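S.K.: Pasting the sequence and the predicted model now:
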Amino acid sequence: MVDTVEIAAPREVVWAAFVDLSCWADWNSVLTRAAPAGPESCLLEGGAFSCCLRPYRFPVTFKARVEEAVAPSRLLWTVRRLGVHSRHWFHLREEGGGTVLESVEELTGLLVTLAGPFFPLGKLRRLGRLFLEELKQEAERRASAPGERAPAATGR
């Protein structure tokens, strides 16, 4: 699944909003109850976090591991849960005075194969788009009100 969103904010502002788990509850309705696995509240390479996703009525909690974080240009997290393996890339590039954020998610595993057309790919894609739209709104809000929130720590 590939989705792209154009954000009217500098890449560093988008990155700061994206990697700071301590503020996700302020803007993110898709991945809720986000909590770092360690003392850092930011998504850092080698770190991990847990959160909750509700593709339907029941919540699915999972733990993601940050495999790569190169501020402010790319981040990869992976998840293994309930027979599904997910690799989720986020690429940020400057374009036209703003930022283009590309989200690329690969889902594999026994459950994905066995469920075939019944696996909720459409629902997951809609939630992924909503996550990007909410991040866009937060980054644009921050860009229009500089100094409101200090930038988050960088990747590596």
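M.R.: In hand now; what should we look at?

S.K.: Tell me the buried residues in stretch 99-110?
M.R.: 99, 100, 101, 103, 105, 107, 109 (16 or more other CB atoms under 10 Å). For every residue, glycine as well, the C-beta is placed using N, CA and C.

S.K.: Can you verify my assumption that residue 8 contacts residue 141?
M.R.: No - if you go by CB atoms under 8 Å, residue 8 and residue 141 don't touch, sitting 10.5 Å apart.

S.K.: Just give me the closest of the buried residues of stretch 99-110 to residue 3.
M.R.: residue 103 (4.8 Å; CB to CB).

S.K.: how about the closest one, what does it touch?
M.R.: Residues in contact with residue 103, defined by CB atoms under 8 Å, 6 or more residues apart in numbering, are 1, 2, 3, 4, 5, 88, 89, 90, 128, 131, 132.

S.K.: which ones among those residues are found in strands?
M.R.: Counting by DSSP state E, those place 2, 3, 4, 5, 88, 89, 90 in strands.

S.K.: Who wins on neighbours among those residues?
M.R.: Counting neighbours by other CB atoms under 10 Å, residue 90 leads the ones in strands among the contacts of residue 103 with 22 neighbours.

S.K.: so it bridges to which residues?
M.R.: For residue 90, the beta-bridge partners are residue 75, residue 103 (DSSP bridges).

S.K.: Could I get the pLDDT score of it?
M.R.: Residue 90 is assigned a predicted lDDT (pLDDT) of 97.

S.K.: I'd like the distance between it and residue 9.
M.R.: Residue 90 sits 15 Å away from residue 9, going by CB to CB, to the nearest Å.

S.K.: what's the answer for residue 97, then?
M.R.: 9 Å.

S.K.: now do residue 22
M.R.: Taking CB to CB as the measure, residue 22 falls 19 Å from residue 9.

S.K.: and these two? which has more neighbours close in?
M.R.: Of the pair residue 22 and residue 9, residue 9 is the one with more neighbours under other CB under 10 Å, namely 22 against 14.

S.K.: next one: phi and psi at the more buried one?
M.R.: Dihedral angles of residue 9 (phi, psi; degrees, to the nearest 10) stand at phi -160, psi 150.
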